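# Pasting the sequence and the predicted coordinates here, then a few questions.
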Amino acid sequence: MIRLTDIQRDFQVGDQQVHALRDINLQVAAGEYISIMGPSGSGKSTLLNMIGLLDQPTAGHYQLDGQDVTTLSDEQQARTRREKIGFVFQFFHLVPRLTAAQNIALPLMLAGMPEKQRNQKVQMALQQMGIADRAGHRPDQLSGGQRQRVAIARATVIGPAVLLADEPTGNLDSAAGTEVVKILEQLNANGLTLLVVTHDETLGKRARRRIHMIDGAIEHDTLLQNHTPPASP
Amino acid sequence: MKTRDATRFAFDALRGYRTRTLLMLLAMSIGVASVLVLTSLGEAARRYVTGEFSSLGTNLIIVLPGKSETSGGSPSLLGGTTRDLTLNDALAVSRSALINHMAPLIIGSAPVSVKNLQRDVMVVGSTSSLLDVRQWRLGKGRFLPETDITRARFVTVLGSTLKQELFGAKNALGEWVRIGDRRFRVIGIMAAQGRSFDIDVENVAFVPVAAAQMLFNTQSLFRILLDTRSRESIPRAIAFIKHTLRERHQGEEDVTLITQDAVLATFDKILRALTLTVAGIAAISLAVAGILIMNVMLVAVSQRTTEIGLLKALGVPQRQIIRLFMTEAALLSGMGAGLGLLVGQTVSSVIGYFYPALPLGTPWWAFLAAIGVALGTGLLFSLLPARRAAQLDPVQALARR
């Protein structure tokens, strides 16, 4: 489903050329659960942004569902992002003035879905995340775990094929983190392709396929056979 | 994205940042209100002045002795003398079929007295036609007699204030008053009608023109007022008057003719230009409001950087981000303009309440211009911030907390 070929990403910092990604070759099949680990500055977030079409490669090709997406216009890329990709961030990035339900409805509203249909979907998502009683609360009235669940609901409400999570538990205590990981894995079990960038070894080891990055290159890419994650992280 | 949703989203964003929204609304509404109030004041001045001129009579031609030139230069020693306008001149020009009424005018100041009460007032020597030419109203009695205008009859018509001061509430008709060194019988009283542009009708004594000639010991007329039968005949009447007077004055054109229309048009033009100027100055405040909007929008963009990054991550194309910010700007300037209309109308009616004589009224174009400029500047100055928002790099935008 995802195919990266010889991807390079260079930044110009002052008069220095920084290679954030070098010669990345990666294929991801639908429904996979992948963790991306590595030290700070190893390029894991850049890789995730690249896959999420938020960043453009300096060189190389990116095929998503058989379509070369690096050459698309802004409008087409935005559309692809909206329909196929969901993001979960470390800092949630909820819109502070909107309620939980409104935050979840945001992608549906931006896609132009009528309000009635929208509300149904949001109700379902709220229930699925176990935060139906928090629908009318604004982000500052929610706990960290609840916020991240709102963010996951928002990322998945439109039904994307890939969920990209950048340190999803990085800003949560362990109990809330466990909850969030459970939900993410539940979504993966239902067929959603899940890519998680993390520092957390225990979280990283729950994935069946683990990618380790150093200095912008993929160091290991290990796929465990017959792997079942421990019941409780 | 649906327009309704976009509007609500923008509205929520405005509500989310109350202080800046209120400040911008304030700036916008002050701008719009000042445009409206100043134009309505300018318009009021214009209407007031043109109204005053109209009351002079619409088909009026005024003949003045002497040729006034606008070419400048010192008057020549040889041709500089002016001949007087005489009563015979006036009779000669009034013979044309084009002329409806003719009223010669001699104006001077003289003491008017009854017993030991004395007032120094303006004495106007004229004929019965003056009432028609100037469209004044008579209160009681008759106006000047319609007899041979070269005959001096010692009768007078008093202004309402003058009558009040000399006779009080007592009957004045048929009584005698002394004007200068002669006695005049009062035959009429003018109705109270306020000041009519050049003559304070309430405080004046009218006498037959021939009597005024004797009173002031002069043959020369101050003016001749002529009223043509129709507006269209004014140019032909002017040609006739010039021709007649040139013949009577040994071939020299030594009079000046003023038409009501020309004066009116000039004043109208000047005052309209004044209104536009004042409106233009007020529009500067709208432009300032526009720049303020740009500033605040730029701040809004940097305040909401992560939100914009998020919108991009959720798959909003650049075009739509611009649209969202422009919707916000349109809402702001729309509401500001609405508020400004309210404030402007309120201020206008307050002014109207304290100065009822002013014919206040905002011209329709001022409404359109104020709202148009408000929306225009609001949108124009939001273009840059909106584009900046749309072009934000989502990765960097989201990297901020």
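Perfect, thanks for sending it.
# Pull the contacting residues for the residue of chain A at minimum distance from chain B.
Using CB to the nearest CB, A:Arg82 is the residue of chain A that sits closest to chain B, at 2.4 Å. To be clear about C-beta, it is placed using only N, CA and C from the backbone, and glycine gets the same treatment. By CB atoms under 8 Å, 6 or more residues apart in numbering or on different chains, the contact list for A:Arg82 reads A:107, A:110-111, A:158, B:314-316.
# secondary structure class for it?
Of the three states, A:Arg82 takes helix under DSSP: H, G, I helix; E, B strand; the rest coil.
# and which of the contacts of A:Arg82 is nearest to B:Val299?
Taking CB to CB as the measure, B:Val316 is the one of those closest to B:Val299, at 21.1 Å.
# got the phi/psi numbers for the nearest residue to the closest one once chain neighbours are set aside?
Once flanking residues are discounted, B:Val316 sits nearest to A:Leu110: 5.4 Å by CB to CB, 6 or more residues apart in numbering or on different chains. Main-chain dihedrals, A:Leu110, degrees, to the nearest 10: phi -60, psi -30.
# just B:Leu392 next, same as before
According to degrees, to the nearest 10, B:Leu392 has phi -60, psi 140.
# Leaving out chain neighbours, which residue sits closest to it?
B:Ile308 is the one closest to B:Leu392 (CB to CB, 6+ apart), at 5.3 Å.
# quick one: the one you found from B:Phe216, how far?
86 Å (CB to CB, to the nearest Å).
# Comparing the two, which shows the higher neighbour count?
Neighbours of B:Ile308 and B:Phe216, each counted by other CB atoms under 10 Å in any protein chain shown, are more numerous for B:Ile308; the result is 23 against 18.
# is it true that A:Thr169 touches A:Val181?
Yes: at 6.4 Å, A:Thr169 counts as touching A:Val181 under the criterion of CB atoms under 8 Å.
# any idea of the mean pLDDT in the one helix or strand B:Ala273 maps to?
Using DSSP states H and E, B:Ala273 maps to helix B:260-303. For helix B:260-303, mean pLDDT rounds to 81.
# In terms of secondary structure, what does it contact?
helix B:18-54, strand B:60-65, helix B:318-354, helix B:364-390 (3 or more CB pairs under 8 Å, 6 or more residues apart in numbering or on different chains; DSSP states H and E).
# Which residues does the helix or strand following it contact?
Note on helix B:260-303: by DSSP H and E, the next helix or strand toward the C-terminus is helix B:305-313. By CB under 8 Å, 6+ apart, the residues outside helix B:305-313 that reach it are A:52, A:54, A:78, A:81, A:87, A:93, A:95, A:110, B:301, B:321, B:324, B:389, B:392, B:394-398, B:400-401.
# so how far is B:His243 from the closest residue to chain A within the stretch 151-300 of chain B?
Taking CB to the nearest CB, chain A has its nearest neighbour within the stretch 151-300 of chain B at B:Ala300, 12.5 Å off. Taking CB to CB as the measure, B:Ala300 falls 75 Å from B:His243.
# Looking at the two now, which is surrounded by more residues?
Comparing B:Ala300 with B:His243 by neighbour count (other CB under 10 Å), the higher total belongs to B:Ala300, at 25 against 13.
# I figured that one hits B:Arg388, correct?
No: under the criterion of CB under 8 Å, B:Ala300 makes no contact with B:Arg388, lying 10.5 Å away.
# A:Leu172: which element?
Using DSSP H and E, A:Leu172 maps to neither a helix nor a strand.
# give me the number of residues near the spatially closest residue to B:Ile351 that is not a sequence neighbour?
Leaving aside its chain neighbours, B:Ile351 sits nearest to B:Leu360 (6.4 Å; criterion: CB to CB, 6+ apart). B:Leu360: 19 surrounding residues under other CB under 10 Å.
# Which phi and psi values does B:Leu360 adopt?
phi -70, psi 160.
# can you pull the contacts of it?
B:Leu360 is in contact with B:40-41, B:43-44, B:348-349, B:351-352, counting by CB under 8 Å, 6+ apart.
# For the residues you listed, which entry has the maximal number of neighbours?
B:Ser40 leads the contacts of B:Leu360 on contacts (other CB under 10 Å) with 25 neighbours.
# which SSE is the residue lying closest to that residue once chain neighbours are set aside in?
In space, and not counting its chain neighbours, B:Ser40 is closest to B:Thr362: 4.1 Å by CB to CB, 6+ apart. For B:Thr362, there is no enclosing helix or strand under DSSP H and E.
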